[in-house]
Structure formats: C-alpha cells, structure tokens
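Colleague: Have a look at this fold, sequence not included:
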C-alpha cells in the first residue's frame, strides 16, 4: 500500500483506517454521515480529531490524478475541497487488488443542490444557485482549468450573505493548462448545461421540484451568467483619452462582481485608449476583510461585514470627535461587535449557521426590529430576539449524524417527516 499525504499533523492517522477492506464494508466507529450529493463512486465520511474527511474509492491512476489537480487548484485559490492524501496499491487480506482512494477534507456547512432545491425552490433561489455555479466555472477557466464534468452533483454550496458560494468537490476529469482556448471553454460550458439540465430533469421526474421548473431554462441561466461574467472580466474596451473616468468605472464593475483588476494594459494610440484586465482574481472584499481582521469568509459575507465595519467606524468617529485609522476601527469592530455576537450564540444553536452567515442574518434582523420600533434596538435585545425567533428555527447545516451507514439522504429524511410539520 502506498500513501501520498499532503501534510502531517492529525492527518497521519488516516494510516489507521481499514484500507485492506472495501470502503463500503467499513465499520469504523469514527464513520459519520454528512450532507452530500449523488456520486457514481463509493464515498464515506470519517471524523478525525474534530475534522471530517471524505474518502472516495476510485482507481489508482485517477486517485493520483485528482489529488494532483486539487493541489493545483488549492495553489490557485480555486474554491474546491482540500486534498489530504491518496491511498493506492491496496490489497485485501487474500491479496486481491482493491481500488485506490482519494481523501479530502469535508467542507463544514456545505450543502448539496438536492437539499437546497428541496427546501428553497423559488425562482430567486434557483438563480442564486446557478449564479454561484457560473462564478465557479469562470474562476476555473480564468486559471486555465478545464473541468470536463461540471454538474450540480459535483458542487457543494455554502451560504454567503443571502447568496451562495460554490465549491468544486470532484475533479477526476479536470485538466490544467497554461491557458484555455475558446473551444475548450465552450466545450466545458456545453457539458455544464447538459449535465445541469439532466440533473434538474431527474429531480422533476422524482417529484422533488415544482412542476413549473424548466430544466433547460434552469441550465441556460448558468450559460447566460457565465457569458456575462466572462465578457466583463476579459473583453477589451476602447474609449477616448478624455474619458479616463471609464477606467475607474470598469474596475468598480469588476469589484461589484467580486473580482479585482490587479493589472491593466493601457495603450494610447492617437486619441483612443484600450484597456483589458490582464490578471483578474476573485475575492476583492474577502481579502480586504482578512487583511483587516483575520476573518476568512465568503465574498458576499465579506462585503456585508465590511459595510457593518464602516458603519461602526463612522459611529466611533462621531462619538469621539476624531478620525480613526482603518486598522484601529477594524480591531474595535472585531472586539466590540463581531466576537461578542459569536460568543453569545447559545451552544445548542452553534451548528445552525457558520458564524459569518449568522452575523449577517443577525444584522438583517436587527434592522427590521429597529425599523418597526422607529429607533435603534440595543444589541442585547436584538441578539435575544434573533436567537429565539430566527436561529432556533433553522435546521443544523453542519450535518453530522451518529450512524455509520455511509451516505446521508436528506431528501429521504424529509419525506419521512410528518407532512403536517412545518419546514424550518
């Protein structure tokens, strides 16, 4: 048996698992059940010193290939699962060959599309889901990755300040190139549209979506959003030398989409200037928040938290009658607002939402309370109301169940509930 591991620490204990037995027959007490989408491979989940690992049984060659591509995606800051190790050249006690395995770290608070569409089937929710998938595909293509199997089943979603952020969880068909050709991108996009339309059609046939949902319209939303994003991020633009304000406007549009233009090519010829972003990266707001506070969150969450930080900074300056540096304001916001809120979340509710998403929803709740009262509602009052009336009503989204039977079918659990019970 050969194990290729990314780093040591607690992950060295993966050596202790029952690698000489098929994955589907494991009976390890550390097995847990997690929210996940459908897969053509055997996948099991193991909790190891507070971390949940996903183990996928796959051929040796494909396991090594997927591990390598995931490492390259990690280096390129692609939203994808973290690769931990590969296990190859496995043999059972009789000496018979067993498939290899690739081990990744499970994404906390990540949800499969089947769960999201079952609970949140409105048109706006569907748009958020396809928009998140389109942003992920654009990000991959900008970094030279051809996916080859983009589908909703190969993506997990995390809530992001009212929106969704998409993470790649299956890269066995992916390839990394210095740069993708237009034909490669179009092929990848066609595969994505076909796979997504097929997945939605399967949910419709199973009665798990509203009958008015059109699978092709659903999938083409991703194509439309992809093309709009790609054009905004890569198309060249010309304007007159007396219209330099349009340069700032272009950068502002990129920032609103969650991207940066870290380098611009500006060429003056006669009275025209041409610009094209030559390096674009996702995460303008999340990087800024991380720099100021050390908090790692999704892009929309970062935008919302930065807005709150800005409001607190203005309040500090009005109250104290002096300007505050951005660094000092960020420290005071972190220690006087964000961290006290997180610390106040009752223990039984801590797994309902990740802290940044809970704080975002709390800000929305406090705003509604203040609007109804016609005055600012104190934080302690707003927190109690949020915990009692909002957070306590949500299902746990970091799903870990003490039943080592493998895949968790959330939809089957929902169907087994009393039809009269309200959906949280």
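Modeller: Thanks, I have it. Here the structure is a predicted model, which means the values were calculated and not measured.

Colleague: Run through the helices of the stretch 151-300 of the chain in chain order.
Modeller: Taking DSSP state H, counting those that start in this stretch as the criterion, the stretch 151-300 of the chain carries its helices at 182-205, 215-234, 245-256, 284-293, 299-320.

Colleague: quick one: the longest one to chain centroid distance?
Modeller: Here the centre of mass of C-alpha atoms in helix 182-205, compared against the chain's by Cα atoms, centre = their mean, to the nearest Å, lies 20 Å away.

Colleague: what do you get for the last one?
Modeller: Distance of helix 299-320 from its chain centroid, counting by Cα atoms, centre = their mean, is 24 Å.

Colleague: And the contacts of that helix?
Modeller: With contact meaning Cβ atoms under 8 Å, 6 or more residues apart in numbering, helix 299-320 is reached by 160-163, 165, 258, 282-286, 288-290, 292-293, 295, 297, 323-324, 326, 329-330, 332-333, 336-338, 356-357, 359-360, 363. (C-beta placed from N, C-alpha, C; glycine too.)

Colleague: Please check those residues and keep the buried ones.
Modeller: Among those, the ones that count as buried by 16 or more other Cβ atoms under 10 Å are 160-161, 163, 165, 258, 282-286, 288-289, 292-293, 295, 297, 324, 329-330, 333, 337-338, 356-357, 359-360, 363.

Colleague: so what are the domain limits for this protein?
Modeller: If you go by automatic domain parsing, the domain ranges for the chain are 2-107, 113-234, 237-282, 285-344+353-393.

Colleague: how about low-confidence regions in the stretch 1-150 of the chain?
Modeller: The stretch 1-150 of the chain contains residues with pLDDT under 70 at 6-10, 37, 120-121.

Colleague: How about the contacts made by residue 110?
Modeller: 35, 156, 157, 158, 167.

Colleague: quick one: contacts for residue 95?
Modeller: By Cβ under 8 Å, 6+ apart, the contact list for residue 95 is empty.

Colleague: do that again at 10 Å, thanks
Modeller: residue 20 (Cβ atoms under 10 Å, 6 or more residues apart in numbering).

Colleague: Doesn't it lie inside a strand?
Modeller: No. Residue 95 sits outside any strand when classified using DSSP: H, G, I helix; E, B strand; the rest coil, being coil.

Colleague: what about it, distance to residue 80?
Modeller: From residue 95 across to residue 80, the span is 36 Å (Cβ to Cβ, to the nearest Å).

Colleague: that older thread, tell me the most buried of the domains of the chain?
Modeller: Of these, the one with the most neighbours on average (mean count of other Cβ atoms under 10 Å) is domain 113-234, at a mean of 19.

Colleague: That one: end-to-end distance?
Modeller: Using Cα to Cα, to the nearest Å, the end-to-end distance of domain 113-234 comes to 29 Å.

Colleague: Please compute how far it lies from its chain's middle.
Modeller: A distance of 12 Å separates the centroid of the chain from that of domain 113-234, by Cα atoms, centre = their mean.

Colleague: ok, now stretch 83-99?
Modeller: With Cα atoms, centre = their mean as the basis, stretch 83-99 stands 31 Å off its chain's centre.

Colleague: What's the end-to-end length of that stretch?
Modeller: By Cα to Cα, the extent of stretch 83-99 from end to end equals 18 Å.

Colleague: Likewise for stretch 344-361?
Modeller: 15 Å.

Colleague: the strands in the stretch 1-150 of the chain, which residues?
Modeller: Taking DSSP state E, counting those that start in this stretch to define them, one finds strands in the stretch 1-150 of the chain at 2-5, 31-32, 43-48, 51-58, 82-88, 90-91, 97-98, 100-105, 145-146.

Colleague: Turn the ones you listed into JSON lines, columns for distance to residue 117.
Modeller: Converted to JSON lines, these look like this (distance: least, Cβ to Cβ, whole Å):
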{"stretch": "strand 2-5", "distance to residue 117": "36"}
{"stretch": "strand 31-32", "distance to residue 117": "24"}
{"stretch": "strand 43-48", "distance to residue 117": "20"}
{"stretch": "strand 51-58", "distance to residue 117": "22"}
{"stretch": "strand 82-88", "distance to residue 117": "26"}
{"stretch": "strand 90-91", "distance to residue 117": "36"}
{"stretch": "strand 97-98", "distance to residue 117": "35"}
{"stretch": "strand 100-105", "distance to residue 117": "24"}
{"stretch": "strand 145-146", "distance to residue 117": "26"}
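
Colleague: In the stretch 1-150 of the chain, mark out all the helices, start to finish.
Modeller: Ranges of helices within the stretch 1-150 of the chain are 60-75, 113-119, 123-142, based on DSSP H, counting those that start in this stretch.

Colleague: need the contacts of residue 110 in TSV with distance to residue 192, can you?
Modeller: Shown next, in TSV, are the contacts of residue 110 (distance: Cβ to Cβ, whole Å):
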residue	distance to residue 192
35	22
156	16
157	15
158	20
167	15
